[in-house]
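J.: okay, sequence plus prediction incoming.
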Amino acid sequence: MRRKKYSLRSIAKSLHRSVSTISDELKRNAVNNAYHPIKAQQKSYVRRKNAKYQGKKIAAHDQLRKFVEEKLMDDQSPQAIAGRIRKKEKHLPSVSKESIYRYIQSPYGRNIEIHRQQKRPRKRSRGVKLQKLDGRVFIDKRPQYINKRTRGGHAEADFIVSGKSGHGILLVVVDRKMRTTFLERILVITIRQVHKAFLFRHHKKLEKLFGIKIYFCHPYHSWEKGAVENVNKYIRKDIPKGSDLSRYSKKFIVSVEKKLNRRSMKCLDYATPQEMLDACRKRKNRSAALKSKKGECSD
């Protein structure tokens, strides 16, 4: 039909298929811009035969397979896993993110594919009418050096709120440079208490108590705190939207925090937030030790 100059739409209608299916078939199996049914059948046979070997590179290497599966079941992305192996786990054979995707889709990775395809129930957020706060300073007034993420200690914070019938909120704090996440569950009883926390109503007291400066995002500009918003997305894999946060134990919240901090991240050159925090602590300890020695020498 194609040789007789029939349009894709006409062919699709005649064969009771979609236009995209016909288009894909022609692109996939055409030889020298011409479609030959026998050759198309041969190419299809070869693809099915090769499909058996998808993922074999990872499956054949026991240590690599265990590492990849462990990270996938920990909800890390194929890109992050491939980057981590290339940059940090050099004792393992290098694999691309495409190889990991093929492994997931192969017979070897069926359990992983099922885990990754688990759908979480989604609920629409209840419209909370935000009230104006006195004395708040917006994020565009923040010093420019903070935007460069060159120093630790500058953080983004947000709240995750329980579902309609639940109690409790989760405070999420993410360091902008090291991407280390800290979680704290706060048990509240009334909607009024939730609103107060959600609005950071006592921000002036917090600034005075901790000697810090708090900057606010503009209303409905969640991208202005992209680091913590990204972390919230990962938290939702373990704490679905609409959950009652009071039902989650402190131990479980700590396990979620640890999981977030052991993720390899491209922006950290595939190190983990926990590794960045540990390295920072070591540098501070060395610096304190050197100052102590200098003090002893001067005495």
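T.: It's in. Keep in mind that this is a model prediction, so the values were computed, not measured. Residues are numbered from 1 along each chain as shown.

J.: quick one: the strands in the chain?
T.: Taking DSSP state E as the criterion, the chain carries its strands at 30-31, 34-35, 137-138, 155-161, 169-175, 181-186, 215-216.

J.: TSV for those strands, including distance to residue 19, mean pLDDT and mean neighbour count?
T.: (C-beta placed from N, C-alpha, C; glycine too.) Converted to TSV, those look like this (distance: least, CB to CB, whole Å; pLDDT from 0 to 100; neighbours: other CB atoms under 10 Å):
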stretch	distance to residue 19	mean pLDDT	mean neighbour count
strand 30-31	16	74	12
strand 34-35	15	75	13
strand 137-138	50	88	13
strand 155-161	44	90	18
strand 169-175	46	93	20
strand 181-186	46	93	17
strand 215-216	50	89	18
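
J.: residue 260 touches residue 235, doesn't it?
T.: Yes - Residue 260 lies in contact with residue 235 (CB atoms under 8 Å); the separation is 7.3 Å.

J.: so what sits against both of these two?
T.: Shared contacts of residue 260 and residue 235 (CB atoms under 8 Å, 6 or more residues apart in numbering): residue 183.

J.: how about residue 32, phi and psi?
T.: In terms of degrees, to the nearest 10, the main-chain angles of residue 32 are phi 50, psi 40.

J.: select, out of the strands of the chain, the one closest to residue 78.
T.: Across the strands of the chain, residue 78 has its closest neighbour in strand 181-186 (21.7 Å, CB to CB).

J.: and the most centrally placed residue in the chain, how far from residue 112?
T.: Nearest to the mean C-alpha position of the chain, by CA atoms, centre = their mean, lies residue 234 at 5.1 Å. Using CB to CB, to the nearest Å, residue 234 is found at 17 Å from residue 112.

J.: likewise for residue 205?
T.: 47 Å.

J.: who does residue 34 bridge with?
T.: Beta bridges link residue 34 to residue 31 when assigned by DSSP bridges.

J.: ok, and the closest non-adjacent residue to residue 222?
T.: Spatial nearest neighbour of residue 222, chain neighbours left out: residue 229 (5.3 Å); criterion: CB to CB, 6 or more residues apart in numbering.

J.: give the contact list for the one you found.
T.: Applying CB under 8 Å, 6+ apart to residue 229 gives the contacts 158, 222-223.

J.: can I get those in TSV including distance to residue 6?
T.: Formatted as TSV, these follow (distance: CB to CB, whole Å):
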residue	distance to residue 6
158	56
222	50
223	48
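
J.: and of these, the nearest to residue 38?
T.: Once CB to CB is applied, the member of the contacts of residue 229 that ends up nearest residue 38 is residue 223, at 53.5 Å.

J.: and that closest one, how many neighbours?
T.: 8 (other CB atoms under 10 Å).

J.: tell me how far residue 145 lies from residue 216.
T.: 19 Å.

J.: then residue 26?
T.: From residue 26 to residue 216 the distance is 55 Å (CB to CB).

J.: can you check residue 12 too?
T.: Taking CB to CB as the measure, residue 12 falls 54 Å from residue 216.

J.: same check, this time on residue 273
T.: Using CB to CB, residue 273 is found at 24 Å from residue 216.

J.: now do the helices in this structure.
T.: Per DSSP state H, the chain carries helices over the ranges 8-15, 19-29, 37-51, 56-60, 62-73, 78-87, 97-105, 110-116, 144-147, 191-198, 203-210, 226-238, 250-261, 273-298.
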